[in-house]
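S.K.: Structural data only, the sequence is not supplied:
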Ligand SMILES: Nc1nc2c(ncn2[C@@H]2O[C@H](COP(=O)(O)OP(=O)(O)OP(=O)(O)O)[C@@H](O)[C@H]2O)c(=O)[nH]1
Ligand SMILES: [Mg+2]
């Protein structure tokens with residue numbers, strides 16, 4: 001029996017995956033339960049969400065009673081999505097942030113330069129994307145804040161130093177470090193269907209020093225040792241052509257589309273697109289603006305890939321990248 005979950009439910013589930021604190025998780029799980037239609041088709045899901053809710057409430061209680069130890073960072077979300085840049089020492093993480101944004105992180109030809117996460121916004125065709133540069137990962141040293149940052153990220157750029165013979169081994173160690181904590185770098189994101197406690201984070205391998213003669217050979221060594229290696233992009237940082245490819249990769253990795261809204265009789269603001277999931281509908285767009293708008297929505301008019309300009313479409317109509325939409329209540 002189909003679960004027939006609503007866009008509001010899916011939004012709550014997405015917020016749950018992105019929740020950065022246990023208190024936020026509890027809030028999202030409560031909302032998911034509330035928004036979930038109650039029938040046979042959702043029995044299993046209801047049971048799963050209830051189990052998670054009771055675990056999260058338990059964790060919350062423990063947190064209140066336990067004094068805090070170790071480092072913690074609270075990084076507010078901004079823009080259409082968050083991409084975490086990570087990898088072993090000296091593989092070009094900070095240099096990538098510098099090339100893609102206006103940030104000025106410390107970049108140096110020796111390892112362990114970056115000590116704390118640093119965020120900056122990257123612009124791609126009107127869409128703002130949050131990038132997070134991180135300290136190098138070394139085996140056995142992965143701190144809880146770092147794991148949490150990756151598990152709640154929308155995507156990951158896993159960096160590989162194409163100029164270093166150590167890169168295949170170091171990168172594999174990073175992959176295993178996360179896998180042992182139920183976090184997988186994968187082509188597509190979401191909870192692993194066979195085990196809801198494993199999170200797949202959409203990831204791409206970024207191979208720096210693309211012009212190094214042995215770069216390809218080194219990356220092949222990683223492919224040989226990592227079953228399930230994610231798709232890769234080779235870049236030579238400093239070269240405009242590669243930077244353009246990298247920006248497009250970041251946008252595509254988020255699996256979102258840009259939609260422009262307009263008011264009746266007025267032109268659309270083509271400089272400020274809204275973003276929704278790739279398979280998003282008119283209702284998802286309304287939800288992105290306000291819940292009340294989604295609730296009261298009657299129809300929309302569409303300019304873009306429709307049959308004709310101004311075509312009237314319903315709330316379930318699937319939008320495409322670049323569409324212009326007028327929402328009517
Ligand atoms: N020519 C060239 N140099 C690169 C490339 N990628 C990184 N570098 C250089 O490699 C060195 C290390 O880069 P960083 O960005 O500091 O490396 P990191 O991964 O942030 O290092 P840690 O913060 O120490 O982990 C710097 O000198 C960069 O300029 C590349 O594609 N081509
Ligand atoms: Mg760095």
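M.R.: All right, it came through fine. Keep in mind that this is a model prediction, so the values were computed, not measured. Ligands and ions are numbered 1, 2, ... in the order given.

S.K.: Leaving out chain neighbours, which residue sits closest to whichever residue of the stretch 101-250 of the chain sits closest to ligand 2?
M.R.: In the stretch 101-250 of the chain, the residue that lies nearest ligand 2 is residue 114 (3.1 Å; C-beta to the ion). (Each C-beta comes from the backbone N, C-alpha and C, glycine too.) The spatial neighbour of residue 114 that comes closest, neighbours along the chain excluded (C-beta to C-beta, 6 or more residues apart in numbering), is residue 135 at 4.9 Å.

S.K.: Secondary structure of that neighbour: a strand, I assume?
M.R.: No: assessed with DSSP: H, G, I helix; E, B strand; the rest coil, residue 135 is coil; it does not lie in a strand.

S.K.: one step back: in terms of contact, does the residue of the stretch 101-250 of the chain closest to ligand 2 touch residue 96 like I think?
M.R.: No: when contacts are counted by C-beta atoms under 8 Å, residue 114 is not listed as touching residue 96 (11.6 Å).

S.K.: Show me whatever sits in contact with both of these two.
M.R.: When contacts are counted by C-beta atoms under 8 Å, 6 or more residues apart in numbering, residue 114 and residue 96 are jointly contacted by residue 133.

S.K.: Looking at the two, which is more packed in?
M.R.: residue 96 (26 against 21; other C-beta atoms under 10 Å).

S.K.: Kindly confirm my reading that that one is in a helix.
M.R.: Yes: under three-state DSSP, residue 96 falls within a helix.

S.K.: Skip the chain neighbours and tell me the closest residue to it.
M.R.: Nearest-residue entry for residue 96: residue 85, 5.7 Å, with adjacent residues in sequence omitted and distances by C-beta to C-beta, 6+ apart.

S.K.: Can you pull the phi and psi angles for that neighbour?
M.R.: Residue 85 adopts backbone torsions of phi -100, psi 120, taken as degrees, to the nearest 10.

S.K.: residues in contact with it?
M.R.: Taking C-beta under 8 Å, 6+ apart as the definition, contacts of residue 85 comprise 93, 96, 97, 131, 132, 133, 134, 156, 157, 159.

S.K.: Now for residue 271, how many residues are close by?
M.R.: The burial count assigned to residue 271 is 7, neighbours taken as other C-beta under 10 Å.

S.K.: can you tell me how far it sits from ligand 1?
M.R.: Here the criterion is C-beta to the nearest ligand atom, to the nearest Å. By it, residue 271 lies 32 Å from ligand 1.

S.K.: likewise residue 294?
M.R.: From residue 294 to ligand 1 the distance is 42 Å (C-beta to the nearest ligand atom).

S.K.: Same check on residue 324?
M.R.: Counting by C-beta to the nearest ligand atom, the gap from residue 324 to ligand 1 is 39 Å.

S.K.: The closest residue to that residue other than its chain neighbours: what's it in contact with?
M.R.: If the residues on either side of it in the chain are set aside, residue 324 comes closest to residue 303, at 4.0 Å by C-beta to C-beta, 6+ apart. Residue 303 makes contact with 262, 268, 309, 310, 323, 324, 325, according to C-beta under 8 Å, 6+ apart.

S.K.: In the chain, where's the longest helix?
M.R.: With residue count as the measure and DSSP state H as the assignment, the chain has helix 43-65 as its longest helix.

S.K.: Now that we have the contacts of residue 303, which of them are buried?
M.R.: Buried positions within these, assessed by neighbour count (16 or more other C-beta atoms under 10 Å), are 262, 268, 323, 324, 325.
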